[in-house]
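Trainee: quick check, what structure comes out for this input:
(3 chains)
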Amino acid sequence: MRITVNGTTHELDVPASRTLAELLRTDLDLTGTKESCAVGVCGACTVLVAGRIVASCITLAAQAADANIVTVEGLASEDRLHPLQQSFIDHGGFQCGICTPGQLVAAKALLDQNSTPTEDDIREWMSGNLCRCTGYYQIVESIAAAAAAAVLGD
Amino acid sequence: MTSLEPIGVAGPRIDGVAKVTGEAKYAVDQSLSGMLFGRLLHSSRPHARIVRLDTSAAAAFPGVHAVITSADVGDHLYGRRIKDMPVLARDLVRYVGERIAAVAADSEEIARRAVDLIEVEYEDLPSVFSIDDALADSAPILHPDYGTYPGSHPLDAPSNCYFEHTINRGDIESAFAEADLVVENTFETARVHQAYLEPHASLVHLDRGRVHVWTNTKAPQAIRDVLAFTADISRDDIVLHRSTIGGDFGGKGTPLNLPICYFLARAAGQPVRMVADYIEEFGAGSPRHATLVHLKTGVMNDGTLVAHHVRFLVNSGAYAAYKPNGVIGGAPRAAGPYRVANSRIEARHVYTNTVPGGHMRSPGSPQAVFALESQLDEIARRLDIDPLRFRLHNLVEDGDDTAWGEQFEHVRLKETLESAAEAAGYDSPKAPFIGRGIAIGDHGAGGGIGNAEVVLHPGGSIVLGTAIFDQGTGTYTTLQQVVAGQFRVPTDRVSIEVWDTDGTDNDSGIGGSRGTRVNTTAAYEAAQDARRALIALVAERFDQPEDQIEFETDEVRIPGRDPIRWPDLLTEIEEPVTGRVHIEERSPARITGFVAQIAEVAAAPETGKVDVLRFTTAHDVGRVLNPVGHQGQINGGVVQGIGYSLMEELQVEDGRVTTLSFGDFKIPVATDLPPLQTVLVESEHGVGPYRIKGIGETPNTPVAAAIANAVCDAVGVRIFNLPITSEKVHHALHQREN
Amino acid sequence: MRDFAFHSPATLTEAFELLDQHGDDARLIAGGTAVVLLMKQALLQPDHLISLDRVDALRGMQLADGELHIGALTRHREVETSELVREHASLLAEVYGQVASVRIRNAATVGGGLAHADPAQDPPAALIALGARVRLDSRESTREVPVDELFRDYYEAAIEPGEILAEVIVPVPDPNSRSVYLKFLPRTQDDYATIAVAVNGTTEGGLCHSVRVALVAAGPTPVRATEVERHLVGQAITVDTIRSAAEAVADQVDPLDDFRGSATYKRDMAVVFTRRALAQVFEVDIS
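Mentor: Next comes the predicted model:
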């Protein structure tokens, strides 16, 4: 199958039973995306497929064939972090960091479709991403700050 | 009092870039070529003899490299303090989930299918699941050989109660007789899981006599000890490599599957990785203990506490092995920071045929504080005294004895409670079905052993070497600040080098709120040691007395000479300067951190649903080294407390955990949260050179009581067991009507 | 999970052929949020998966003759955000938007969800309240089934072997009707409902002209509360008629004891939320 991840196209021969999360983590050695709950609830495995966030742990790789995938490894550019990544650093948006890749990808999807979310919008959208360390307050703050900075053209 | 030690400004998290880019490697991300995948067979019975165990079909399954049972794992029982747990069950299983056999295979799928081929025949034995049942005369004794376990205390007679401790002060019988009012209640709390989002994982590789281990532990030295012991190998042969840890909350100090992983790797002759799924984590992890707390309290009509009797019963589960001290603390927290002349605090730990408990953020405290703070609220209501005033009347002050005979210094409880009340608008009017509840708690900064080394390199880089594996609390950043402050350089001049376990022999690791007290002090002392060494070097080189030499940032000032830069000096002599320290902090801290919380809830009478409208948390802190990190700990702790209060429960039926996924074991999400207001009562008093107080384990402990008290304030019913579900409130309201 | 053959037909005809060829060894997959999960848990182990993802005939939403036609492959998120749906049947958009998380809604499909027949999922409540039906196509024939007759038991829809759920047809509700969906989530916002009720109704001259009441998380299948409807249709809208109509729901539901509540509690809450939903739809103050 053919799959494009973070701009690079790969031709891979994998069994049909391979999930997208497994393909990313083992076949492509992109371990940024995590598999945690394994039932599609926690959001740690969130990636973008054709611009939409999905749970890669319950998506078959075959279902993502020929699609454009974006993972946490694809957020930063050559020389700088994505504003969301920087904002998470500045505002305490992570502690242990295990849920962070999924949070960042989900947050990016939110800002892609709504560049001026209210705090309620952010909470609502991010309610599918579990975090056990931060209590969410600083995650919401990080996203809000990134959105505000973008509006100001920082 | 001397001026406070200088401290670098908190920079961004030292591990920040790696975590936000996905580059950080966690134990679940580690792999080696040729690696096999290990999976376990767990007991499906709560208490049974294994009469037949046949692994031949599994061993013959294509792609399977090794199958091991108790015969293959040596004959040690292991445990952090009380060694009562076999690596793999021998002829007996004592809980549903106990590990019986393990398979290493070419893929997870093959390993799973091979496990299904293992045949087990059980002969059921009578089982007990509750504390009361385990203490009954007719109860089966789960550990008849308890007295033979290393680390155990001798029992007078065989019992499932393997630990009993009583602290007596004064004469509670007389005091109860004289009290105007005696209130007696029983509180019950449920097991909950730490719910870190990175499950336990181990990768073991035996290579030319060395055992290489990658596992997510924040107590690498202790884990190394356990592995050495169970495997009968030398500690020196084991190297624990560092991985980023994906959350811990007390749950990753236990070795869990590591010894099994080692034996699988040895049997298979190839590296083996075991990653627990959440069925295993929830069903056979090391959760926070379920407890029964009986409180009997005597009080005078003016609100003075005169007698308090605590019976703190811990459902240990089938083994004590996971608990670092064999037992958990908490019983004194059920008496709390109150003045009461006559008290008895009894703690008992009881074996049952359920999943063995372990450590979770402030072990024993949330259970005890839920009971105590609910009880005090109840008493205040019965006396028709406002709960806030009632507490203020009875709080300890400097020099007062607590119920367990300890004395605190620089107590700022009153200020903390009063500022919480003010910030929460405690006295402002409330609409119907809205309630406010108070709860307070305390937690000292833990002791332990810490090691650190500060190396000044030619050219000027400063490296702090540390043995601790940060589990996410930002300790590294704090240590970086400490060292930077000592050398008066910007924080980013200091880098951290994390030693694998070859770096030091004995270190307690992170936990027990040690991070602040022990490790900060260790970093401070190591930096001081490096400063002394630098001054000594300069003194000798320039033949000047040490007390005449000073340095400021990179400049060393020597009398009668131009200042020199130490980075240049070290380059010239081609030698680094090293400061090293090993500290052991054993004494209980007399300076403790208090927390006062106020929950404001709406309780709907028709459904029993409880909504937390807002939450105020006030902390008596010393000095805050890293404001963003400090607030992060508070936020995370409060939200864990909210989960514990309202939704988290590992449900157990006939000894078997039935909540086996995040779909059923619910923790709070971003839309579940009230606005949170934090009040910091700062002071000059704290522990160590920075006068700090631990924060990690205080924010979660009083939350449940604050919410329970608020519910009572809102609709007049009290829930005595956690979690406080809408159904329980609904039921209580209906009971009251009838 | 166990390995299998993955097929990706481009037309319905090809899909029918594959179904025919592999029979019981095959399983259809659309978004996969249910199927892949079940396969990971080894509860489903088909030798063949037939993905409908490339069958464009199953996509699209359009309005025709006063009815909304929603293709089976339409994702939950598409229904949630569709201007067409929001304008003509806003209850549907609202309810599809309540399912799980955005992540799930981006993948789960209308057809897949109904075929999976999870009795706690939200959409059937709205579909039943709006009188929707599904079209089931097989190689030879086609038939339509009202959504309230689509479910046989837990996770069992009345779809015969060889049939594919092709589209959902929703009559556009009377512009004068009001609808509401109440989802009781006492524990956490990220959960299945303890109980949930959808109501659509119209009044005429102070009488209840029409009403449809549907509940999910209420038993082995979604429930159309016909007794509640019977108590109300043609009756004057008063606090009393609403209260007594709501009481009738207690015998219509058959909830399970589970982590979200005991059966008794759920039954009690069914009455409470039916009452509240009726009160909202018919604008009666029952406090």
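
Trainee: going forward, measure contacts and count neighbours with C-alpha atoms only.
Mentor: Will do.

Trainee: what sits against C:Ile182?
Mentor: Careful, residue C:182 is Leu; it's not Ile. C:196-198, C:273, C:277 (CA atoms under 8 Å, 6 or more residues apart in numbering or on different chains).

Trainee: in the host helix or strand of it, what counts as buried?
Mentor: Following DSSP states H and E, one finds C:Leu182 within strand C:178-184. Across strand C:178-184, burial judged by 16 or more other CA atoms under 10 Å in any protein chain shown covers C:178-184.

Trainee: and the next element down the chain from it?
Mentor: Next helix or strand after strand C:178-184 toward the C-terminus (DSSP H and E): strand C:195-204.

Trainee: count the neighbours of the closest residue to B:Val610 other than its chain neighbours for me.
Mentor: Spatially, and ignoring its direct neighbours in sequence, B:Val610 is nearest to B:Ala603 (4.5 Å; CA to CA, 6 or more residues apart in numbering or on different chains). Residues lying near B:Ala603 (other CA atoms under 10 Å in any protein chain shown) number 26.

Trainee: shouldn't B:Ala603 be in contact with B:Val711?
Mentor: Yes: if you go by CA atoms under 8 Å, B:Ala603 and B:Val711 touch, sitting 6.4 Å apart.

Trainee: any common contacting residues for these two?
Mentor: Common neighbours of B:Ala603 and B:Val711 (CA under 8 Å, 6+ apart) are B:435, B:610.

Trainee: ok, now how distant is the residue in chain C positioned nearest to chain A from C:Ala72?
Mentor: In chain C, the residue that lies nearest chain A is C:Arg103 (4.5 Å; CA to the nearest CA). According to CA to CA, to the nearest Å, C:Arg103 stands 19 Å off from C:Ala72.

Trainee: check A:Arg123 too.
Mentor: On the measure of CA to CA, A:Arg123 and C:Ala72 end up 30 Å apart.

Trainee: of those two, who's got more company?
Mentor: C:Ala72 (27 against 22).

Trainee: I'd say that one and C:Asp137 touch.
Mentor: No: contact between C:Ala72 and C:Asp137 fails when scored by CA under 8 Å: they sit 11.3 Å apart.

Trainee: so what sits against both of those two?
Mentor: C:165-166.

Trainee: okay, strands next: where are they in the stretch 601-738 of chain B?
Mentor: Here the stretch 601-738 of chain B has its strands, by DSSP state E, counting those that start in this stretch, at B:610-621, B:652-653, B:656-657, B:676-682.

Trainee: hmm, I was thinking of chain A
Mentor: A:2-5, A:8-11, A:46-49, A:52-55, A:68-70 (DSSP state E).

Trainee: hmm, back to that, out of the strands of the stretch 601-738 of chain B, which is the most enclosed?
Mentor: The highest mean neighbour count among the strands of the stretch 601-738 of chain B, using mean count of other CA atoms under 10 Å in any protein chain shown, belongs to strand B:610-621: a mean of 24.

Trainee: ok, that one: who's next to it in the sheet?
Mentor: strand B:592-603 (antiparallel), strand B:676-682 (parallel) (DSSP bridges).

Trainee: the first one - what's its average pLDDT?
Mentor: Spelled out, that is strand B:592-603. Taken as a whole, strand B:592-603 has a mean pLDDT of 93.

Trainee: just to revisit the earlier point, tell me which of the strands paired with strand B:610-621 sits nearest to A:Asn129.
Mentor: strand B:676-682 (19.8 Å; CA to CA).

Trainee: now the closest one: mean pLDDT?
Mentor: Here the average pLDDT along strand B:676-682 is 94.

Trainee: just stretch B:107-120 next, same as before
Mentor: pLDDT averaged over stretch B:107-120 gives 97.

Trainee: report the contact partners of the residue nearest the centre of chain A.
Mentor: Closest residue to the average C-alpha location of chain A: A:Val105 at 2.2 Å, with CA atoms, centre = their mean. Going by CA under 8 Å, 6+ apart, A:Val105 touches A:46-48, A:53, A:71-72, A:75.

Trainee: which one among the residues you listed gets closest to chain B?
Mentor: For these, the nearest to chain B is A:Val72 (6.0 Å; CA to the nearest CA).

Trainee: for the closest one, which non-adjacent residue is closest in space?
Mentor: Per CA to CA, 6+ apart, closest to A:Val72 is A:Pro101, 5.3 Å.

Trainee: shouldn't the one you found be in contact with A:Val70?
Mentor: No: checked against CA under 8 Å, the pair A:Pro101 and A:Val70 is beyond contact range at 11.1 Å.

Trainee: so for these two, which sits in the more crowded spot?
Mentor: A:Pro101 (30 against 21).

Trainee: next one: the more buried one from chain C, what distance?
Mentor: 14 Å (CA to the nearest CA, to the nearest Å).

Trainee: got it, and B:Tyr476?
Mentor: Counting by CA to the nearest CA - B:Tyr476 and chain C are separated by 34 Å.

Trainee: am I right that that residue sits in a helix?
Mentor: Yes: residue state for B:Tyr476 (DSSP: H, G, I helix; E, B strand; the rest coil) corresponds to a helix.
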